[in-house]
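Trainee: okay, here's the prediction I keep looking at, along with the sequence it came from:
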Amino acid sequence: MRLVLCTVFLATGVAAPLAVAEVEDETRPWKVSAELGAIATSGNTETTTIQGKIEADHNTLKWSNRYTLGVLFKEDQVNQPDGSQETVKTAERIAVSARGGYRLAREHSNLFIYGSHVDDEFAAYSTYSTVSIGYGARLYNGSRAQLDMEIGPGYYWADQRLNDGSTVTESSAIGRGALQFDWQLTDSADFRQVLSVETGPDNTRTVSDTSLSTRINSAMKMKVGFNLTSDTDVAPDMESTDTMTYVNLVYSF
């Protein structure tokens, strides 16, 4: 069912921005990019891994909005106690977010509202939802590099997974801060670092995504990245940090 929902989301383009940029082309208010990476092996070891993401930017005179959807799915062949082998699901993650930014008179500054939801069957938190409002601005604006930030209060609610498989619900007010650094290394290569920290009395969640993209043509890129999600409050014997290294093909339209 979750994979079906992912497909629906991808098909409809439900996918929003850390930083607000000026409208480059008012005749083209929507900009969408879709990326996909997949690995399949057979023989002595059988695995299937699918990782994808879609982003849609919608720009108007007063608003700059971004919608995102990310999906991770993995199956592995594992040995059973009786010596047989069985293919089991070892990862399933769905992450959606939306952000609306209202442009202010000062260039590259905005008031924003942000919401996100993560459903991860194998992480320390099975669900994690956040809403936040605040102020965003550009801290550095160079010819090839830009640094944007946003900060504001928010609220989160989540289901923490315990060692026995049950969950306990957490919720509290949080403070949220985020940075996005974009650097055009060459005419065909771009570097991006996105970092967000959500901190409250029960947990502090840090999410980092580092990527390097190389243009293949005007519409396609090859993207290599490293993603990290870390929580300070997890159940005993649960890992506090999840990481993912990926190589994706990105298509923009």
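Mentor: Now that the structure is in, tell me what you want to look at. Residues are numbered from 1 along each chain as shown.

Trainee: just checking, Asp202 touches Asp231?
Mentor: No: using Cβ atoms under 8 Å, Asp202 is not in contact with Asp231; the gap is 9.9 Å. The way it works is simple: take the backbone N, C-alpha and C, and place the C-beta from them, glycine included.

Trainee: compare the two (neighbour count), which wins?
Mentor: Set Asp202 next to Asp231 and count neighbours by other Cβ atoms under 10 Å: Asp231 wins out with 23 against 15.

Trainee: hmm, the more buried one is touching Ser240, no?
Mentor: Yes: between Asp231 and Ser240 a contact is recorded at 5.5 Å, counting by Cβ under 8 Å.

Trainee: any shared contact partners between these two?
Mentor: Shared contacts of Asp231 and Ser240, defined by Cβ atoms under 8 Å, 6 or more residues apart in numbering, are found at Ala124.

Trainee: residue with max distance from the center of the protein?
Mentor: In the chain, counting by Cα atoms, centre = their mean, Asp82 sits farthest out from the average C-alpha position, at 39.6 Å.

Trainee: assign it to helix, strand or coil.
Mentor: Counting by DSSP: H, G, I helix; E, B strand; the rest coil, the backbone at Asp82 sits in coil.

Trainee: do the same with Lys53
Mentor: Lys53 is classified as strand under three-state DSSP.

Trainee: and the pLDDT for it?
Mentor: On pLDDT, Lys53 comes in at 96.

Trainee: quick one on the thing from earlier: state the phi and psi torsions of the residue farthest from the centre of the chain.
Mentor: phi -80, psi 10 (degrees, to the nearest 10).

Trainee: do Gly200 as well
Mentor: Main-chain dihedrals, Gly200, degrees, to the nearest 10: phi -150, psi -180.

Trainee: that one against Ala173, yeah?
Mentor: Yes: if you go by Cβ under 8 Å, Gly200 and Ala173 touch, sitting 6.1 Å apart.

Trainee: check which residues of stretch 52-71 are buried.
Mentor: Going by neighbour count (16 or more other Cβ atoms under 10 Å), the buried part of stretch 52-71 is 52-59, 64-71.

Trainee: these in helices, which ones?
Mentor: With helices defined by DSSP state H, no entry of the buried residues of stretch 52-71 lies inside them.

Trainee: how near is the nearest residue to Gly115 once chain neighbours are set aside to Tyr155?
Mentor: Distances taken as Cβ to Cβ, 6 or more residues apart in numbering put Val131 closest to Gly115, at 4.8 Å, once the chain neighbours are dropped. From Val131 across to Tyr155, the span is 6 Å (Cβ to Cβ, to the nearest Å).

Trainee: how about Leu185?
Mentor: Distance, Leu185 to Tyr155, by Cβ to Cβ: 38 Å.

Trainee: in what helix or strand does Met173 lie?
Mentor: Heads up, residue 173 is Ala, not Met. Per DSSP states H and E: Ala173 is located in strand 167-184.

Trainee: give the buried residues for stretch 46-53.
Mentor: Neighbour-count burial for stretch 46-53 [16+ other Cβ under 10 Å]: Thr48, Thr49, Ile50, Gln51, Gly52, Lys53.

Trainee: contacts only, for the fourth one.
Mentor: Okay, so that is Gln51. Contacts of Gln51 (Cβ under 8 Å, 6+ apart): Leu36, Gly37, Ala38, Val71, Leu72, Phe73, Met244, Tyr246, Asn248.

Trainee: do the same with Thr206
Mentor: Leu195, Ser196, Val197, Leu228, Thr229, Ser230 are the contacts of Thr206 under Cβ under 8 Å, 6+ apart.

Trainee: tell me the most packed of those residues, by neighbour count.
Mentor: When neighbours are counted by other Cβ under 10 Å, Thr229 leads the contacts of Thr206 with 22 neighbours.

Trainee: can you redo the contacts of Thr206 as a markdown table with distance to Val168?
Mentor: Output for the contacts of Thr206, formatted as a markdown table (distance: Cβ to Cβ, whole Å):
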| residue | distance to Val168 |
| --- | --- |
| Leu195 | 28 |
| Ser196 | 24 |
| Val197 | 23 |
| Leu228 | 24 |
| Thr229 | 19 |
| Ser230 | 19 |
